[in-house]
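A.B. asks: model this:
(chains A, B and C)
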Amino acid sequence: MPSALCGLFFVAALFASGWQYGLYGLLGASVATATAYVLGVDRTIVEAGLRGFNGCLVATGYAVFLGPDHASTVILAIGGSVTVVMVTSALANILGTWNIPTFTMPFCIMASVMTVAAPSFQRVWHGGTDLAALPTAATGATRLSWDDLWHAFFGNIGQIFFMPQWYVGLLFLVGILVASRTAAAMACVGSVIGIFVAWALGSPASGVAQGLMGYNAVLVAMALCGVFIKLGSWSFAYAVIGAAAATGLTAAMGTFFAPFGGHTFTWPFVLTALVFVAAVPSFTRLSRT
Amino acid sequence: MPSALCGLFFVAALFASGWQYGLYGLLGASVATATAYVLGVDRTIVEAGLRGFNGCLVATGYAVFLGPDHASTVILAIGGSVTVVMVTSALANILGTWNIPTFTMPFCIMASVMTVAAPSFQRVWHGGTDLAALPTAATGATRLSWDDLWHAFFGNIGQIFFMPQWYVGLLFLVGILVASRTAAAMACVGSVIGIFVAWALGSPASGVAQGLMGYNAVLVAMALCGVFIKLGSWSFAYAVIGAAAATGLTAAMGTFFAPFGGHTFTWPFVLTALVFVAAVPSFTRLSRT
Amino acid sequence: MPSALCGLFFVAALFASGWQYGLYGLLGASVATATAYVLGVDRTIVEAGLRGFNGCLVATGYAVFLGPDHASTVILAIGGSVTVVMVTSALANILGTWNIPTFTMPFCIMASVMTVAAPSFQRVWHGGTDLAALPTAATGATRLSWDDLWHAFFGNIGQIFFMPQWYVGLLFLVGILVASRTAAAMACVGSVIGIFVAWALGSPASGVAQGLMGYNAVLVAMALCGVFIKLGSWSFAYAVIGAAAATGLTAAMGTFFAPFGGHTFTWPFVLTALVFVAAVPSFTRLSRT
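C.D. replies: Numbering: from 1, shown residues only, chains lettered A, B, ... in the order given. Below is the predicted model:
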């Protein structure tokens, strides 16, 4: 979203969740943008913020998962923000064959490699030793209280940047609203679908209330109705189906990553949006933006 | 295989393995076909049954793995049969770049996501809690009795639809024979190769007898000699190598899926056929149909 | 590298690590080359050794991981060397769309399937039963002695062919030097970067000294400066970043493979080089060879 005001709200939201995260976000965006300039990426792409965006996500993600207060985290955040430019360009060149955007896949790749690799390095990893576990069937109450519901509604938006606080989600939502009223409406629709599907299938309430089951639905709903596919009642229905599918995929990917200690990040959004956008040329009812 | 009579035998085989599975198969095929019509997929593709086929597999697979008697399974089977249309169209658009068919990959994706996600949802999952396990080296007798042998021969065909009963495999084989004598012959060749390779490498007899080691060899043998590659002595040899490779890959994928509780489905067929079909343009001895 | 003398040194290095490995290497190269001829692959490709190379790696890899003294290993090495020709051709046809080479990906695929499948087959597997384990955080001293350092320097080159002995690495390095002075220089640069990054991040010294952390950095450094990207100060810097990224990815892939008992092989090299080469068209500072 190439809106300066929107970006301002996003930065404010990051600072609201902790001033270090705001600094990491600015650091990552700067390093990635500088790397793209230096390597000679087309200036129109760089100026639209398309290379800095993934750098911002990478640096913030590294700060959240490795701890923001270590010098090693700063160095890795810089290294990651440089490398994500290569990953983004590679994916753009490959997916461009079918006119498919890279979504947040570059970030997901960099963040997944980091979380899986980090415990092998003693100067990087300051957490515990029990990272991996065989997954088991879910247990725990599934009933959602009123408090769970509205926490989940905003948490689904905050978790896009790995933040569970409701007010961080609210700030992101305001940022989206400033950029596009349609996108903000679809974010709300996606959040409601994520909550409904997770509840209906029987997901434990504690995870739902933190926004862990619905943040991919929010992103998919925005992407499939207005951002990458033209707005309309058909794309609205398409986005609803996509948001429901992304909620199921969120659970699947959490289980997939468990035995080797990875994290889900926005992989379910990336994979669902990639499939639903790649399918559009086959459907005469839908067209790309 | 666009033969109505063949389809009739397949439906009969599904009903023979349990009337609910037959109903699920019809439900999935109907929902997927309707979804494709509504979204505006090219009618010649829909009428050839190319979209309904994966819906049939998805709904039957969900019934087998979640249990056919739950309302939740019916709802998920409908949702899965809708979503598989998007997955099929996306894969067709991407793989079409190299003129590679989608095989049963859309089904494999939907079924894998379902089996991995299901235990996270308490209203969906009615099985046990110990789903995942670290794989260990195989033990158990490898000697095949006469009974093991002929059970394995038909089981290899029935397992394509996850059914171990020999008479279900026989009904499928008759259905294939009605559509194409070459395909039926290659199904038998694939089944024999699957049994021979599994026995020669030392696979425990119990799995071989249930058809668990050879169903991918059956599919690969059919796909590589007559269906996607022109019939001939070169493609026959190519199909034999492919069927042997698929048998090894079947063991590898079972081990890969073990720690997060996934299932092999027809992934080994899909991946082997994809590689062997994608390689054809490099080989002057072979040509696509 | 289409240099006959270079090939001679490589064969000598294999024989130095054990005469059986040398024979396996020759066997694999012969079988793969013969398969490519018989199937009718373009003769200029076969004569450049591009199909035999992966066969050599596959047969040697099977010998190392299954034990060279079993008849079953010989048979599987022949089967693997036949099948790798299909995998190489398939990947060449698909990656050729973006003018991306296949690197050692065909070998990595065949070797990964073999190591994951082998324990399921009793006549193939002669090792123990405890193959898979949940990964944990690394422990152990990270300080590198002088002996560790120079062992690591040559071990990083020998591990490309899974050999930890320093003199095997030295022989490979001489073979590379005979083919290209640039490539040999970049191999040394890559080895130094691999050691430095692994030490700086805090990798246990025992693995670093055996060359287990740096062999992918060696391959990436050679590939990105001179072999696939034109030599220059920009590509040198690009190769340095790539070698550092590959070192981190080496740790990540070791953890990823742990729960199902796979091995890292040269996957980190393949994936890093693929991304960095695919990104080149976006960077005006760099161009392909």
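A.B. asks: Now do the nearest residue to A:Thr289 once chain neighbours are set aside, the pLDDT please.
C.D. replies: Distances taken as CB to CB, 6 or more residues apart in numbering or on different chains put A:Lys230 closest to A:Thr289, at 5.5 Å, once the chain neighbours are dropped. (C-beta placed from N, C-alpha, C; glycine too.) We have a pLDDT of 94 for A:Lys230.
A.B. asks: what do you get for A:Ala16?
C.D. replies: 77.
A.B. asks: Check A:Val87 too.
C.D. replies: The model reports A:Val87 with a pLDDT of 97.
A.B. asks: Which residue is the nearest non-sequential neighbour of it?
C.D. replies: Residue nearest to A:Val87 in three dimensions, not counting chain neighbours: A:Pro106, with 4.3 Å by CB to CB, 6+ apart.
A.B. asks: Wait, the one you found touches A:Leu95, no?
C.D. replies: No. Judged on CB atoms under 8 Å, A:Pro106 makes no contact with A:Leu95 at a distance of 10.8 Å.
A.B. asks: Show me which of those two is the more surrounded one.
C.D. replies: Between A:Pro106 and A:Leu95, counted using other CB atoms under 10 Å in any protein chain shown, the more crowded position is A:Pro106 (28 against 18).
A.B. asks: Who are the packing partners of the helix or strand hosting the more buried one?
C.D. replies: Assigned by DSSP states H and E, A:Pro106 belongs to helix A:105-117. Judged by 3 or more CB pairs under 8 Å, 6 or more residues apart in numbering or on different chains; DSSP states H and E, helix A:105-117 is in contact with helix A:52-66, helix A:71-95, helix A:267-279, helix C:233-257.
A.B. asks: pLDDT of that helix, averaged?
C.D. replies: pLDDT averaged over helix A:105-117 gives 95.
A.B. asks: contacting residues around that helix?
C.D. replies: A:54, A:57-58, A:61-62, A:65-66, A:76, A:80, A:83-84, A:87-88, A:91, A:257, A:260-263, A:265-267, A:270, A:274, C:248-249, C:251-252, C:255-256 (CB atoms under 8 Å, 6 or more residues apart in numbering or on different chains).
A.B. asks: mind redoing it with 7 Å?
C.D. replies: With contact meaning CB atoms under 7 Å, 6 or more residues apart in numbering or on different chains, helix A:105-117 is reached by A:54, A:57-58, A:61-62, A:65, A:76, A:80, A:83-84, A:87-88, A:91, A:260-263, A:265-267, A:270, C:248-249, C:251-252, C:255-256.
A.B. asks: Which positions in the stretch 101-250 of chain A make contact with chain C?
C.D. replies: A:113, A:116-117, A:119-125, A:129, A:131-133 (CB under 7 Å from any CB of the partner chain).
A.B. asks: Next SSE downstream of the worst-scoring helix or strand of chain A on mean pLDDT?
C.D. replies: The least trusted helix or strand in chain A, going by mean pLDDT, DSSP states H and E, turns out to be helix A:4-16, with a mean of 70. Going down the chain from helix A:4-16, the next helix or strand is helix A:19-39, by DSSP H and E.
A.B. asks: Check whether that next one comes near chain C.
C.D. replies: Yes. For helix A:19-39, a contact with chain C is found by CB under 7 Å from any CB, at A:Leu39.
A.B. asks: residues of that helix that come out buried?
C.D. replies: A:20-36, A:39 (16 or more other CB atoms under 10 Å in any protein chain shown).
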